[in-house]
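Participant: Just a sequence and a predicted model for now, questions to come.
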Amino acid sequence: MPELPEVETVVRLIRPGLEGRTIRGAQVLWKRTLGGLAPSRFAERVIGARVVRVWRRAKFVVADLERDGGRAGALLGHLRMTGRMHVEPAGWDAGPYERLRLELDNRRCFHFIDVRKFGRLTWVADAERALAGLGPEPLGDAFSAAWLAGALRARRGRLKPLLLDQTFVAGLGNIYVDEALHRSGLHPLRAARSVRSAEAERLHEEIRATLTAAIARNGSSFDTFYRTPEGQPGEYQAEFRVYARDGQPCSTCATEIERIVVGQRGTHYCPRCQPRRPAAQARSPRLPLRRPRASSKRS
């Protein structure tokens, strides 16, 4: 499933073709794409509206709309496993998996393509309200090292499932959590509350560094489905340290990368670079028990 870097890449590439454009027509080719909204109501809400801003929140694509100078809700999209978004000239062949098309006022069209039909693109009255339950953005100001250290100390769960929880931090997924944990030297099953302030600071730094590097490479194409709106694959998969590299040597220490299942997710880590316990909690070697010396006094 596309994660924050892939969704950010999509947003950056479709933004120039959508912002400032007025929607002149809407064709819903797979009604479940709308997530339960009736196609007629969707068309009523979007036709005639102008796209004023295209942005990302977590793994969601958001396009704010206005009508007659006032707010008119937003398009809210999620790519899920195989969703793709394109803005192309009218007449462009979107192929057999096109699920929704919006005709724009400049003889171009927005296409939502989804092979497996899990993706969603719908209209909501207020996108920020619809997404209010999400945690802070890992590249935003609210996600600070101090916040992360305190939030981890307040939780009882394991580190990786917590970082995947979208209500804790928004936008992280399986790939980039594995990569950031390796770069931080933290085991995916470490108790969140055991992470010390210095370790949390390093984790904060590596989450941001990993995401920023992945965005610069247009995300990761680890299967045949993810392509940018330009039709190109991402390139960050060439930088993977642990993800999908089980059985291969760690790029840092040459130890064999291992794969376990954590919260029903395949999880990759280096057992040497990412010890299960922090150094301060490692067991001391056991010393042989000394028997008490018998007393020389007789009763």
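Facilitator: Good, I have the coordinates. Residues are numbered from 1 along each chain as shown.
Participant: all helices of the chain, in order?
Facilitator: 4-18, 39-46, 127-130, 145-153, 159-164, 174-184, 197-216 (DSSP state H).
Participant: will you turn those into CSV that also has mean neighbour count and mean pLDDT?
Facilitator: Every residue, glycine included, has its C-beta placed from N, CA and C. As requested, the helices of the chain are arranged in CSV below (neighbours: other C-beta atoms under 10 Å; pLDDT from 0 to 100):
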stretch, mean neighbour count, mean pLDDT
helix 4-18, 21, 97
helix 39-46, 16, 98
helix 127-130, 15, 97
helix 145-153, 17, 98
helix 159-164, 22, 97
helix 174-184, 25, 98
helix 197-216, 18, 98
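Participant: Show me where the protein dips below the pLDDT cut-off.
Facilitator: Where the chain drops to pLDDT under 70, the residues are 222-224, 279-299.
Participant: now the strands for it?
Facilitator: Ranges of strands in the chain, per DSSP state E, are 23-28, 50-57, 60-67, 70-78, 83-89, 98-104, 108-114, 120-124, 258-262, 265-269.
Participant: need the helices of the chain in TSV with distance to Gly231, can you?
Facilitator: Listed next are the helices of the chain as TSV, based on distance: least, C-beta to C-beta, whole Å:
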stretch	distance to Gly231
helix 4-18	10
helix 39-46	25
helix 127-130	27
helix 145-153	37
helix 159-164	29
helix 174-184	21
helix 197-216	18
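Participant: So for Glu88, which of those sits nearest?
Facilitator: helix 4-18 (8.3 Å; C-beta to C-beta).
Participant: What helices and strands are in contact with that closest one?
Facilitator: strand 50-57, strand 60-67, strand 83-89, strand 108-114, helix 197-216 (3 or more C-beta pairs under 8 Å, 6 or more residues apart in numbering; DSSP states H and E).
Participant: what about that helix, distance to the chain center?
Facilitator: 14 Å (C-alpha atoms, centre = their mean, to the nearest Å).
Participant: what angle do it and helix 174-184 make?
Facilitator: 130 degrees (axes from the mean of the first three to the mean of the last three C-alpha atoms, to 10 degrees).
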